[in-house]
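> Attaching a predicted model along with its sequence, questions to come.
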Amino acid sequence: MKPIKILTITAGLSEPSSTALLGELLSDATQESLDILGISVETTPVHLRSLAKDITNHYLTGFPMGELATALDALTEADAVITVTPTFKATYTGLFKSFWDLVDDEAMVGKPVLVAATGGTARHSLMIDTALRPLFGYFKAHVVPTGVFVATDDFGSDTSLQGRINRAGAELAQMLAWKLGSQTALTKEGTSEIETAPVDPASEEIFDDLDGVNSGDFFGIAVEKQSRQEHKHKSPGLKELTVTPFEQLLKNL
């Protein structure tokens with residue numbers, strides 16, 4: 001089995017950078033969790049500081065060149081992304097946004113993403129939820145529940161920092177393991193420890209016509225097609241509603 005590819009994209013502007021350090025720590029934590037699960041991984045760092053000129057040229061010429069083209073191709077091929085940005089004016093940096101503005105809308109669909117940020121003060125920590133999550137929500141990526149924000153003073157003094165990093169890395173590893181297992185189980189030539197029940201070919205057409213949120217398909221329940229046609233608006237698990245004619249109600253008074 002080919003190793004999982006994880007791309008770590010950091011937008012630190014200094015050298016060395018606390019943002020790049022956080023990206024490295026998150027990458028290591030994810031790799032450790034995947035090692036425990038017995039899944040091989042290949043991690044690649046991308047520092048946007050070194051791509052700043054290529055990003056500007058892309059806006060001027062309309063074409064990605066040099067290392068930027070390589071980074072965009074690697075992003076498309078990656079199985080997951082760890083991305084870290086400094087915090088400027090309560091949001092991500094212009095360099096960070098400039099890079100993601102060049103990413104194709106379809107490149108991140110369904111891709112697991114771990115988001116993190118650094119800042120001068122912990123008062124900016126909400127930018128994880130107000131800026132980063134909406135950005136990757138637009139890309140239709142799957143963002144792990146734990147986002148990691150690290151203030152300048154947290155390095156070396158925050159005893160909970162490594163725990164937060166480990167938790168975020170474990171969540172990304174679990175999401176990748178689940179995705180890998182699902183893809184293997186759905187591949188005819190693949191082998192997996194996940195056992196799936198045999199599918200009756202005659203039942204496949206059941207899922208071809210969804211009836212909306214009240215249909216059995218919405219709840220992951222396969223119901224017979226004939227039954228669905230007779231009770232089209234009946235939610236699974238509910239008893240059939242009995243309607244008493246108005247005239248009968250008057251007679252009962």
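That came through, no problem. Numbering: from 1, shown residues only.

> ok, residue 39 to residue 3 distance?
8 Å (C-beta to C-beta, to the nearest Å). Using the backbone N, CA and C atoms, a C-beta is placed for each residue, glycine as well.

> Those two: which has the busier surroundings?
Neighbour totals were compared for residue 39 and residue 3, and residue 39 leads with 17 against 12 (other C-beta atoms under 10 Å).

> how much space between the more buried one and residue 142?
17 Å.

> Nearest spatial neighbour of the residue nearest the centre of the chain, chain-adjacent residues omitted?
In the chain, the residue lying closest to the centroid (C-alpha atoms, centre = their mean) is residue 142, at 1.6 Å. Nearest residue to residue 142, sequence neighbours excluded (C-beta to C-beta, 6 or more residues apart in numbering): residue 112, at 5.0 Å.

> what sits against that neighbour?
Listed by C-beta atoms under 8 Å, 6 or more residues apart in numbering, the contact set of residue 112 reads 79-81, 141-142, 144, 172, 175-176, 179.

> isn't residue 86 right next to residue 12, touching?
Yes - look at residue 86 against residue 12 with C-beta atoms under 8 Å: they come within range, at 6.2 Å.

> Residue ranges in the stretch 151-253 of the chain under the pLDDT threshold?
182-241, 246, 253 (pLDDT under 70).

> Could you rerun that using 90?
For the stretch 151-253 of the chain, the stretches with pLDDT under 90 are 152-160, 178-253.

> Please enumerate the strands of the stretch 101-250 of the chain.
112-119, 142-143, 148-151 (DSSP state E, counting those that start in this stretch).

> Any chance of TSV for the ones you listed, columns distance to residue 29?
As requested, the strands of the stretch 101-250 of the chain are exported to TSV (distance: least, C-beta to C-beta, whole Å):
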stretch	distance to residue 29
strand 112-119	9
strand 142-143	17
strand 148-151	10
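
> Deepest-packed of those, please.
strand 112-119 (a mean of 25; mean count of other C-beta atoms under 10 Å).

> and that strand, average pLDDT?
When pLDDT is averaged along strand 112-119, the result is 97.

> now that strand, how far from the centre of its chain.
12 Å (C-alpha atoms, centre = their mean, to the nearest Å).

> buried sites along stretch 158-167?
Of the residues in stretch 158-167, 161, 164-167 count as buried by neighbour count, 16 or more other C-beta atoms under 10 Å.

> Just the CA atoms of it, as PDB, please.
Extracted in PDB, the C-alpha atoms of stretch 158-167 (Å, rounded to 0.1, in the frame of the first residue of the first chain):
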ATOM      1  CA  ASP A 158       1.900  26.300  28.200                       C
ATOM      2  CA  THR A 159       1.900  22.800  29.800                       C
ATOM      3  CA  SER A 160      -1.300  21.900  27.800                       C
ATOM      4  CA  LEU A 161       0.200  22.800  24.400                       C
ATOM      5  CA  GLN A 162       1.700  19.400  23.600                       C
ATOM      6  CA  GLY A 163      -1.600  17.800  24.600                       C
ATOM      7  CA  ARG A 164      -3.600  20.000  22.300                       C
ATOM      8  CA  ILE A 165      -1.100  19.200  19.500                       C
ATOM      9  CA  ASN A 166      -1.300  15.500  20.100                       C
ATOM     10  CA  ARG A 167      -5.100  15.600  20.200                       C
END
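
> give the contact list for the closest residue to residue 31 other than its chain neighbours.
The spatially closest residue to residue 31, leaving aside those adjacent along the chain, is residue 41, at 5.3 Å (C-beta to C-beta, 6+ apart). Taking C-beta under 8 Å, 6+ apart as the contact definition, residue 41 lies against 3-6, 30-31, 34-35.

> can you check residue 16 too?
Residue 16 touches nothing, counting by C-beta under 8 Å, 6+ apart.

> got it, and residue 90?
For residue 90, the contact set (C-beta under 8 Å, 6+ apart) comprises 124, 127, 130-131.

> From these, pick the one nearest residue 99.
Nearest to residue 99, judged by C-beta to C-beta, of the contacts of residue 90 is residue 131 at 14.6 Å.

> Need the pLDDT of the closest residue in space to the closest one that isn't next to it in sequence.
Among residues not flanking residue 131 along the chain, residue 91 sits closest, at 4.3 Å (C-beta to C-beta, 6+ apart). Here the pLDDT value assigned to residue 91 is 95.
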